[in-house]
Structure formats: structure tokens, C-alpha cells
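Engineer: sequence and predicted structure below; questions after.
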Amino acid sequence: MKEDVLLTMRHIEKRFPGVLALNDVDFTLRKGEIHALMGENGAGKSTLIKILTGVYQMDRGEVTIEGTPISIHSPQDAQNNGISTVYQEITLCPNLTVAENMFIGREDSAWIRHKDYEKRADEILEKLGIPTRGVTQLGRCSLAIQQMVAIARAVDMKCKVLILDEPTSSLDDKEVNMLFKLMRDLKAQGVGIIFVTHFLEQVYEVSDRITVLRNGELVGEYPVEQLPQVELVAKMIGKSLDELSNLGEKNEKAAEKNDVFYEAESLSSSQALPFNFKIHKGEVNGFTGLLGSGRSESVRAIFGADKINGGTVKIKGENVKITRPIDAMKHGIGYLAEDRKRDGIIAELSVRENIILALQVMNGFFKPISRSESEAFADEYIKVLNIKTASRETPVGSLSGGNQQKVILARWLLTHPDYLILDEPTRGIDVGTKLEIQKLVLKLAEDGVSVTFISSEVEEMLRTCSRLIVMRDRHVVGELKGDDLNQAQVMKTIAGGEA
């Protein structure tokens with residue numbers, strides 16, 4: 001209903017040099033609504049939000065709050081109009097208390113002057129059901145609580161519109177549920193919430209409506225119940241449903257007929273308990289389980305990334321010793337780590353330098369790759385993987401998350417691995433790039449490369465893997481394949497042990 005409309009953005013246009021970032025985009029947010037803003041990287045989501053929060057100035061268009069046109073020329077203007085944003089990266093001060101973070105920048109308020117801000121903070125936290133206290137140092141709180149404190153600060157500043165930009169990307173399932181409860185409570189109080197996320201399942205769990213952008217243009221606005229997930233993906237990336245219904249048949253029987261490439265018995269490390277594992281040539285398998293189940297620790301042991309404590313390893317049936325990553329690399333194993341910023345990219349180096357890094361390590365630093373060779377390698381994989389970069393010399397840290405991930409993939413593909421371990425290769429990247437990576441994994445398997453694929457999204461694992469090793473509490477509790485390879489059986493195995 002018209003009287004429920006809280007925010008409108010009409011005919012929004014934004015140009016950058018040589019780029020039309022937003023073209024005649026409309027967006028409507030109602031009171032007491034959680035509205036998902038969806039689209040691939042580059043679709044225009046961030047630009048629209050930055051216009052709404054005063055970071056960018058629109059070239060054309062109109063913004064209204066409760067029917068009244070407003071001008072937003074700065075973040076302060078947005079705040080004065082009741083618009084607040086909580087970003088993926090926590091922007092509060094971990095060395096200060098929760099209460100100090102909630103009132104920082106408002107030292108002229110009576111609560112600060114009369115030293116009552118801790119009591120006031122406790123009242124707000126209790127009202128919102130946030131399980132912490134004002135006197136607690138923020139850095140001692142979990143990421144989820146820190147996100148909630150940022151939301152509490154926004155709510156106390158009388159926000160009408162709350163923008164949550166990828167708030168769940170670093171949270172586990174329990175923390176996500178806590179955040180969703182708070183979002184629903186705020187919705188019940190009439191706050192309009194704009195929810196930006198890459199997790200499609202979360203969109204359907206908590207949102208009321210969905211607006212889809214693609215290439216800077218509005219695709220449409222839909223009630224959640226009228227837009228099935230596969231149709232959402234199709235609208236986001238501009239593909240037909242037939243292209244998305246199946247990435248391809250996973251030929252597990254063909255893979256099982258192939259020789260075993262890698263086999264470990266009672267392999268253990270400083271972080272992983274003893275486990276047995278094998279993978280056939282050309283097979284795609286995966287480790288699945290809840291956060292903290294031991295899946296990442298297991299593949300780090302396979303790659304020798306943690307101190308190896310015991311076990312035997314065979315490659316192509318021959319005993320080998322892998323105690324360091326360089327040992328694994330020399331035996332044809334590549335590893336894309338879970339945290340691309342910490343263990344993957346070197347942000348200050350160029351795309352070219354990041355791509356050749358693993359090959360240079362394998363060659364040894366006394367046999368440097370020539371500049372002309374490195375340029376040819378970089379150009380080849382920029383083209384093959386469709387890496388969006390201004391040039392091969394662009395610092396990799398300036399690329400989007402999805403393109404950084406492609407650079408790391410290029411690094412390992414350049415070594416022509418026999419076995420590639422991909423730990424969360426699609427985390428935090430757009431749906432189109434996810435699809436590209438999944439297709440690449442299946443193409444590698446067709447070419448005989450063995451792949452271990454790990455993702456927090458079970459549906460993605462089921463689309464990509466022909467066999468799943470299920471983990472709980474750092475123990476292998478089951479192995480699923482064939483008819484047992486479905487979401488219900490995965491959850492049952494995680495919850496109850498052996499399938």
C-alpha cells in the first residue's frame with residue numbers, strides 16, 4: 001500500500017568516465033520490510049547504496065523518504081534522514097567498550113555528559129536482545145555481536161532505513177540465526193531493511209521482496225514467494241533456466257573406474273585428527289560439514305600446510321613423503337586456500353606477478369621466469385578465465401573478490417596440476433562467477449584433473465561433486481555418493497553419524 005512506502009528511488013542514473021553504472025533504476029522500500037538487493041558484482045548494487053548513503057552523487061533521479069523528496073550530498077545527510085549502513089567489514093573500534101562504540105561521535109549528548117551511557121547502552125542491548133553489555137570491550141565479542149552492536153548504534157540514532165551490506169559473510173550458522181532474529185525484531189518495529197548478500201538461501205529465509213539489478217539496469221522487483229531460486233539466478237546473470245538446471249552430469253562411475261591418484265591412510269597434522277582419504281583421477285569429491293568440522297584442516301594436511309604428525313601417503317600407488325607445501329606442489333598438487341586475502345593473493349603485487357608465483361616457486365628462484373614469459377602466461381589466463389582487470393600490471397588488491405579468486409585459480413592452473421584442492425573458491429563472489437568456477441571444475445575433471453571442492457553451500461557441493469566426505473567434530477562420519485548424494489542425507493549424516 002502507498003502509505004506503507006518508506007523509501008523511493010526513481011530514475012536513478014550514475015555515470016563514471018566511460019561507464020554508465022546505473023541507468024534509470026527504481027527502488028522501493030516499505031516500512032517493516034526486509035528487501036533483498038541482488039545482482040552480480042558490477043550489477044550496480046554498491047553504486048545504488050553509495051548514492052543512498054551520500055558517498056556518490058547521482059547524475060539524475062529523485063529520492064524520497066515517506067513521500068518527501070530529500071537531498072543526500074554526504075553520509076551525514078543520509079544519517080540525518082534516518083538512513084544507516086552496517087558494512088561487511090566492522091568499522092567500529094575493538095579497543096573501546098560496546099557502550100563507547102555505540103555513542104562515539106555523539107559526545108555532546110546528555111548520556112555522555114552524565115556518564116550514563118553504559119546504562120543507556122545496556123537498555124538498548126536488552127531491548128534488542130543482543131547478548132552483551134555496555135562495559136564489555138568490543139574486541140572480546142564475536143563478529144556476530146560486533147555486527148549487532150553496529151546495528152544497535154544505528155537503531156539508537158533513529159534510523160528508518162537500515163542497509164546491511166554482506167553482514168553474514170564471516171558468521172557461522174548460529175551467529176546468522178542471531179542476526180536474523182534481530183532483523184525480524186527491527187522489521188516488527190517498522191524499520192525498513194535493505195539486505196545485500198551473496199547467500200541465496202539466506203535471501204529466501206529472511207526477505208520479503210527482492211529487487212534484481214543487472215549491468216546497471218533494473219531487471220525487476222518480486223515478492224519472494226513468486227520468484228523461485230533458479231529463476232532469481234537466471235535473472236541475475238541473464239541465462240536461461242535450461243542453462244542453470246544442471247551444470248552437467250557428474251560421471252562418478254567413470255571416475256571410479258580410473259586409477260586412484262592420491263591415497264592417505266591415518267594422515268594427521270597439528271590441526272587434523274587421523275583420517276583416511278583417496279581420490280581417483282578425474283574425480284570431483286568434497287569435504288562437507290558445519291563450520292569447525294575439520295574439513296579445511298583435512299585438506300591443509302593433504303597439502304602439507306600444517307605440521308604433519310603421522311600417516312602414509314601414496315600418489316599413483318607409490319609411497320611419497322609430503323610434509324611441506326613445496327613437496328605437494330612437486331607431486332602435482334595445488335591448493336586454493338579458504339582465506340584468499342590471508343593465504344592467497346599478495347595485494348600489492350600485480351595480476352601478472354600473482355599468476356606466476358606458484359610456478360616460480362616450483363622452478364626455484366635461481367631460475368626466474370622472464371618478463372616476456374610471465375606476460376604471455378598472464379595474458380593467456382586473463383583471457384581463459386575472463387579476469388576483469390584494466391591490465392596485467394594492475395595490483396590484484398584492486399580487483400573484485402571474484403576476479404581475485406580467478407587470479408589464484410590461474411596461478412595453480414599454470415602449474416598444470418594433477419590434483420587441485422579448492423577450499424571455498426566461491427565464497428563472497430557473485431552468482432555468475434560461481435557458475436563459471438563450477439563449470440571450470442567439471443571441465444578440469446573431464447580433462448583428468450582430480451579436484452577436491454569445499455563450499456559452505458551444500459547445494460553447490462551437490463551440483464559439483466560426485467562423492468562427499470562428511471565431517472563432524474574433526475572426524476569423518478560418513479561418505480555419500482550415488483542416490484545418497486542429496487541435501488537431506490548430508491544433514492542427516494552430519495547430525496547422526498554414519499549414513
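Structural biologist: Thanks, I have the structure now.

Engineer: quick check on Asp165: phi, psi?
Structural biologist: phi -100, psi 100 (degrees, to the nearest 10).

Engineer: hmm, it is touching Val86, no?
Structural biologist: Yes - look at Asp165 against Val86 with C-beta atoms under 8 Å: they come within range, at 7.0 Å. In short, each C-beta sits where N, CA and C put it, glycine included.

Engineer: compare the two and say which one has the larger neighbour count.
Structural biologist: Taking other C-beta atoms under 10 Å, Asp165 and Val86 do not tie; Val86 has more neighbours (24 against 19).

Engineer: Leu164 should be in a strand, yeah?
Structural biologist: Yes - Leu164 sits within a strand when classified using DSSP: H, G, I helix; E, B strand; the rest coil.

Engineer: count of neighbours near it?
Structural biologist: 24.

Engineer: cool, Gly332 as well?
Structural biologist: Count around Gly332 with other C-beta under 10 Å applied: 18.

Engineer: which residues touch it?
Structural biologist: 315, 416-419 (C-beta atoms under 8 Å, 6 or more residues apart in numbering).

Engineer: those: which two are farthest apart?
Structural biologist: Ile315 and His416 (15.4 Å; C-beta to C-beta).

Engineer: and the helices in the stretch 151-300 of the chain, which stretches?
Structural biologist: 173-188, 200-206, 229-237, 241-245, 252-257, 295-303 (DSSP state H, counting those that start in this stretch).

Engineer: hmm, Leu267 is touching Gly310, no?
Structural biologist: Yes - the pair Leu267 / Gly310 is scored as a contact, 7.4 Å apart, by C-beta under 8 Å.

Engineer: tell me the pLDDT of Ala337.
Structural biologist: Ala337 is assigned 89 on the pLDDT scale.

Engineer: can I get the helices of the stretch 151-300 of the chain in TSV including mean neighbour count?
Structural biologist: Putting these into TSV (neighbours: other C-beta atoms under 10 Å) gives the following:
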stretch	mean neighbour count
helix 173-188	16
helix 200-206	17
helix 229-237	18
helix 241-245	12
helix 252-257	15
helix 295-303	24
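
Engineer: how about TSV for those helices, with mean pLDDT added?
Structural biologist: Below are the helices of the stretch 151-300 of the chain laid out as TSV (pLDDT from 0 to 100):
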stretch	mean pLDDT
helix 173-188	87
helix 200-206	89
helix 229-237	80
helix 241-245	52
helix 252-257	61
helix 295-303	94
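
Engineer: adding distance to Phe27, write those helices out as CSV.
Structural biologist: Output for those, formatted as CSV (distance: least, C-beta to C-beta, whole Å):
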stretch, distance to Phe27
helix 173-188, 18
helix 200-206, 16
helix 229-237, 16
helix 241-245, 25
helix 252-257, 44
helix 295-303, 38
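
Engineer: nearest to Leu385, of these?
Structural biologist: Among the helices of the stretch 151-300 of the chain, helix 229-237 sits nearest to Leu385 (C-beta to C-beta), with 16.5 Å.

Engineer: so how far is the closest one from its chain's centroid?
Structural biologist: Relative to its chain's centre, helix 229-237 lies at 18 Å (C-alpha atoms, centre = their mean, to the nearest Å).

Engineer: and that helix, what does it pack onto?
Structural biologist: Secondary-structure packing of helix 229-237 (3 or more C-beta pairs under 8 Å, 6 or more residues apart in numbering; DSSP states H and E): helix 200-206, strand 209-214, strand 217-223, helix 241-245, helix 431-446.

Engineer: least reliable of these by average pLDDT, please.
Structural biologist: Among the helices and strands packed on helix 229-237, helix 241-245 scores lowest, at a mean of 52.

Engineer: confirm that Glu373 sits in a strand.
Structural biologist: No - applying three-state DSSP, one finds Glu373 to be helix, outside a strand.

Engineer: neighbours around it, how many?
Structural biologist: By other C-beta under 10 Å, neighbour count at Glu373 equals 12.

Engineer: same question, Ile382
Structural biologist: 21.

Engineer: got the contact list for it?
Structural biologist: Residues counted as contacts of Ile382 (C-beta under 8 Å, 6+ apart) are 351, 389, 392, 410.

Engineer: need those residues in a markdown table (columns: pLDDT and distance to Glu126).
Structural biologist: Shown next, in a markdown table, are the contacts of Ile382 (pLDDT from 0 to 100; distance: C-beta to C-beta, whole Å):
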| residue | pLDDT | distance to Glu126 |
| --- | --- | --- |
| Val351 | 95 | 50 |
| Thr389 | 90 | 49 |
| Arg392 | 94 | 55 |
| Ala410 | 92 | 51 |
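
Engineer: rebuild those as a markdown table, extending it with secondary structure, distance to Asn101 and neighbour count.
Structural biologist: Output for these, formatted as a markdown table (DSSP: H, G, I helix; E, B strand; the rest coil; distance: C-beta to C-beta, whole Å; neighbours: other C-beta atoms under 10 Å):
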| residue | secondary structure | distance to Asn101 | neighbour count |
| --- | --- | --- | --- |
| Val351 | helix | 37 | 26 |
| Thr389 | coil | 37 | 21 |
| Arg392 | coil | 42 | 19 |
| Ala410 | helix | 40 | 22 |
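
Engineer: just the closest of those to His73, please.
Structural biologist: For the contacts of Ile382, the minimum distance to His73 (C-beta to C-beta) is 32.3 Å, reached by Thr389.

Engineer: show me the strands in the stretch 251-400 of the chain, by range?
Structural biologist: Secondary structure of the stretch 251-400 of the chain (DSSP state E, counting those that start in this stretch): strands at 260-269, 275-280, 284-288, 308-315, 318-320, 333-336.

Engineer: for Asp116, find the nearest of the ones you listed.
Structural biologist: Among these, strand 284-288 sits nearest to Asp116 (C-beta to C-beta), with 49.4 Å.

Engineer: could you export that closest one as PDB, CA atoms only?
Structural biologist: Extracted C-alpha coordinates of strand 284-288, given in PDB (Å, rounded to 0.1, in the frame of the first residue of the first chain):
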ATOM      1  CA  VAL A 284      35.500 -34.300  -8.100                       C
ATOM      2  CA  ASN A 285      34.900 -35.000  -4.500                       C
ATOM      3  CA  GLY A 286      34.500 -32.800  -1.400                       C
ATOM      4  CA  PHE A 287      34.600 -32.500   2.300                       C
ATOM      5  CA  THR A 288      31.400 -31.200   3.900                       C
END
